[in-house]
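**Q** sequence below, structure please.
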Amino acid sequence: MPIKIQDSLPAKKILENENIFVMTENRAMHQDIRPLKVLVLNLMPTKIVTETQILRKLSNTPLQVEVEFMQTASYQPRHVEPSHLDAFYTVFDEVKNRKFDGLIITGAPLDHVDFEDVVYWDELCKIMEWSKTNVHCTLHMCWASYAGLYYHYGIPKVDLEKKLSGVYEHYVIKKNSPLFRGFDDIFYAPQSRAMTVKKEDIEKVPELELLAVSDIAGVTLVKSKDSRRLFMTCHPEYDSDTLSKEYFRDKEKGMNPDIPVNYFPEDNPAKKPIVRWRGAGQLFYSNWLNYYVYQSTPYDAMRISEESKKEG
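**A** Coordinates of the predicted model:
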């Protein structure tokens with residue numbers, strides 16, 4: 001089954017050209033099933049690129065998924081046309097009385113910025129608090145993982161002296177987790193960040209379990225034991241050229257970036273990057289949707305708040 005999106009969203013044409021099944025609103029209205037409702041809080045400045053990357057991963061499952069995008073009201077993006085936001089994005093006040101099967105909070109380019117100094121931090125805290133009663137399962141990506149671990153569990157981020165950029169080996173710790181069905185014991189995934197968290201800080205919190213780590217990149221995947229929140233520091237949704245674009249962008253700015261690790265053949269930026277993460281990335285999003293959203297979310301979405309009361 002496909003993802004359901006608005007008919008004119010730019011990602012629709014891109015995905016259809018990749019032979020990915022996308023269902024328009026008009027066609028979905030004639031299907032007598034309940035689609036999963038997934039809200040994406042897109043904090044990235046490159047809105048359309050991030051939309052397409054996430055939709056590509058959510059689309060390749062047997063489930064019908066109705067995806068909506070949300071932006072912050074307390075900060076207006078500068079790298080996207082206002083008409084795009086007006087047409088395809090909502091804000092928190094417009095959804096706060098609704099229930100969602102899944103919520104994805106993306107990363108943001110906010111390395112070396114204290115959480116409390118982020119312009120939309122108060123708004124993000126409201127959304128994360130709201131997710132406890134209005135969302136069945138929330139997936140936090142990259143920067144949002146650190147923000148979520150800090151907000152929900154008080155775990156501080158640790159700034160890195162040098163940006164972590166490249167494709168790294170990651171080890172599955174909890175091999176019987178449904179999240180890793182079909183995974184190899186070692187999987188590759190891109191990393192692009194200048195922060196981390198200490199493994200021992202995660203292990204001190206009884207409500208959390210560590211699922212995957214990297215010898216170099218550190219903590220990779222963390223889950224709350226009630227399976228309502230996942231925290232992912234890597235980027236399995238990245239396109240083949242995402243790290244390349246970041247590298248050349250930073251180079252043009254005179255930032256003297258390191259060549260992304262294990263990415264360009266022979267570490268030569270003139271050569272086409274090698275993709276090592278596509279299969280694992282697709283499995284990750286498919287498993288999240290299937291086992292942590294579809295298989296456990298109430299058929300009546302209004303019961304999501306009841307779940308929270310039971311767990312609390």
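**Q** please count neighbours and contacts with C-alpha atoms only from this point.
**A** Will do.
**Q** so how far is H152 from V95?
**A** In this view, V95 and H152 are 21 Å apart by CA to CA, to the nearest Å.
**Q** how about F100?
**A** Here F100 is placed at a distance of 19 Å from H152 (CA to CA).
**Q** which residue ranges of the stretch 101-250 of the chain form helices?
**A** Chain-ordered helices for the stretch 101-250 of the chain, with DSSP state H, counting those that start in this stretch as the definition, fall at 121-134, 143-153, 199-203, 242-252.
**Q** and the most centrally placed residue in the chain, what does it touch?
**A** Nearest to the geometric centre of the chain sits M141, at 3.7 Å (CA atoms, centre = their mean). M141 makes contacts with I104, I105, T106, G107, F231, M232, T233, C234, H235, as judged by CA atoms under 8 Å, 6 or more residues apart in numbering.
**Q** for it, name its beta-bridge partners.
**A** Taking DSSP bridges as the rule, M141 bridges to M232.
**Q** end to end on stretch 95-114, go ahead and measure it.
**A** Using CA to CA, one end of stretch 95-114 lies 27 Å from the other.
**Q** ditto for stretch 264-278
**A** End-to-end for stretch 264-278, by CA to CA: 16 Å.
**Q** so what touches it?
**A** Residues outside stretch 264-278 that contact it (CA under 8 Å, 6+ apart): 167, 187-190, 236-237, 240-241, 244, 259-261, 263.
**Q** could you list the buried residues of that stretch?
**A** For stretch 264-278, burial by neighbour count (16 or more other CA atoms under 10 Å) applies to F264, P273, V275, R276, W277, R278.
**Q** SS state for the fourth one?
**A** Using DSSP: H, G, I helix; E, B strand; the rest coil, the structure places R276 in coil.
**Q** what separation is there between it and V113?
**A** As judged by CA to CA, R276 and V113 stand 31 Å apart.
**Q** okay, now the closest residue to D159 other than its chain neighbours: neighbour count?
**A** Nearest residue to D159 in three dimensions, chain neighbours excluded: M195, at 4.3 Å (CA to CA, 6 or more residues apart in numbering). Counted with other CA atoms under 10 Å, the neighbours of M195 add up to 21.
**Q** now tell me which helix or strand of the protein has the poorest mean pLDDT.
**A** helix 25-28 (a mean of 50; mean pLDDT, DSSP states H and E).
**Q** what's the first helix or strand after that helix?
**A** As assigned by DSSP states H and E, the chain's next helix or strand after helix 25-28 is strand 36-41.
**Q** what lies in contact with that following strand?
**A** Counting by CA under 8 Å, 6+ apart, 63-72, 100-106, 294 sit against strand 36-41.
**Q** show me the contacts for M232.
**A** Taking CA under 8 Å, 6+ apart, we find M232 in contact with L139, H140, M141, C142, S145, T220, L221, V222.
**Q** for those residues, which single residue is the most surrounded?
**A** Result: S145 is most packed of the contacts of M232 (other CA under 10 Å), 27 neighbours.
**Q** so it is in contact with T233, correct?
**A** Yes - between S145 and T233 there is a contact at 6.3 Å, judged by CA atoms under 8 Å.
**Q** distance check, H79 against Y238.
**A** Using CA to CA, we find H79 at a distance of 19 Å from Y238.
**Q** looking at the two, which is more packed in?
**A** Y238 (22 against 11).
**Q** got a pLDDT number for that one?
**A** On pLDDT, Y238 comes in at 96.
**Q** ranges for the strands of the stretch 51-200 of the chain?
**A** Per DSSP state E, counting those that start in this stretch, the stretch 51-200 of the chain carries strands over the ranges 65-70, 89-90, 100-105, 135-141, 158-172, 186-196.
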